[in-house]
Structure formats: structure tokens, C-alpha cells
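>>> Would you be able to build a 3D model of this:
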Amino acid sequence: MAQAMLAETKLRLVFEAGMNVDGSPILKAKTFNNVKKGATADQLYQVAQAISVLCTDTLSSVERADSSEILA
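All right, here's what the predicted structure looks like:
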């Protein structure tokens, strides 16, 4: 039976950097690597909030990207 082992976790913050001519938002993303694999959603959200205070753009969303290694 195959198993998935968590290999890496990344935190991605998406910011609204303005508006297009058609009214849709311009989105910019910043990705942080080497995030602790055991970090909870609440912890990641708190970090994202702390980082967003340092930025001029408005935080639009917070994403967690986990990648796993599949072992047989």
C-alpha cells in the first residue's frame, strides 16, 4: 500500500495591488518556503496577518501549499 509523506510546506500570500481598467483586481503573490510542516492553520494565518501589516497592498487571501512524497 502506498503512503504519502509530507515533504514540504509553503505559505502563499495574495495581495490586491490595484484595479484593472475593467474593474477586476490586480493580484500579486508572495510565497514563503521552508514553513514548519506542523504549523496549524491558525498559526499560518497569524503570520500572514503580521506580514501584511508591513505591506502597502491589501491582503486578499492566505494559501497553504503542501507537497508530499508518495512511497510504495
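>>> Please make it C-alpha for all contacts and neighbour counts, starting now.
OK.
>>> Give me the neighbour count for residue 28.
Neighbour count for residue 28, taken as other CA atoms under 10 Å: 14.
>>> so residue 32 makes contact with residue 8?
No: taking contacts as CA atoms under 8 Å, residue 32 lies outside contact range of residue 8: 11.3 Å.
>>> which of these two has more neighbours?
residue 8 (15 against 11).
>>> For the more buried one, list the residues it contacts.
34, 35, 37, 66, 67, 68 (CA atoms under 8 Å, 6 or more residues apart in numbering).
>>> If you count neighbours, what's buried in stretch 51-70?
Buried positions in stretch 51-70, judged by neighbour count with 16 or more other CA atoms under 10 Å: 52, 59, 62, 64.
>>> Now do the same for the nearest residue to the first one once chain neighbours are set aside: helix, strand or coil?
Closest residue to residue 52 in three dimensions, ignoring its sequence neighbours and counting by CA to CA, 6 or more residues apart in numbering: residue 59, at 6.2 Å. Put simply, residue 59 is strand when judged by DSSP: H, G, I helix; E, B strand; the rest coil.
>>> likewise residue 50?
Residue 50 - assigned by three-state DSSP - is helix.
>>> ditto for residue 12
Quick answer, by three-state DSSP: residue 12 is strand.
>>> how much space between the residue nearest the centre of the chain and residue 20?
Residue closest to the average C-alpha location in the chain (CA atoms, centre = their mean): residue 12, at 2.0 Å. Going from residue 12 to residue 20 by CA to CA, to the nearest Å gives 22 Å.
>>> now do residue 38
Distance from residue 38 to residue 20, by CA to CA: 38 Å.
>>> quick revisit: and for residue 32 and residue 8, which residues touch both?
Common contacts of residue 32 and residue 8 (CA under 8 Å, 6+ apart): none found.
>>> Helices along the protein, start to end?
41-53 (DSSP state H).
>>> which residues of this structure score low on pLDDT?
For the chain, no stretch has pLDDT under 70.
>>> could you redo the last one with a cut-off of 90?
Within the chain, the ranges that satisfy pLDDT under 90 run 1, 72.
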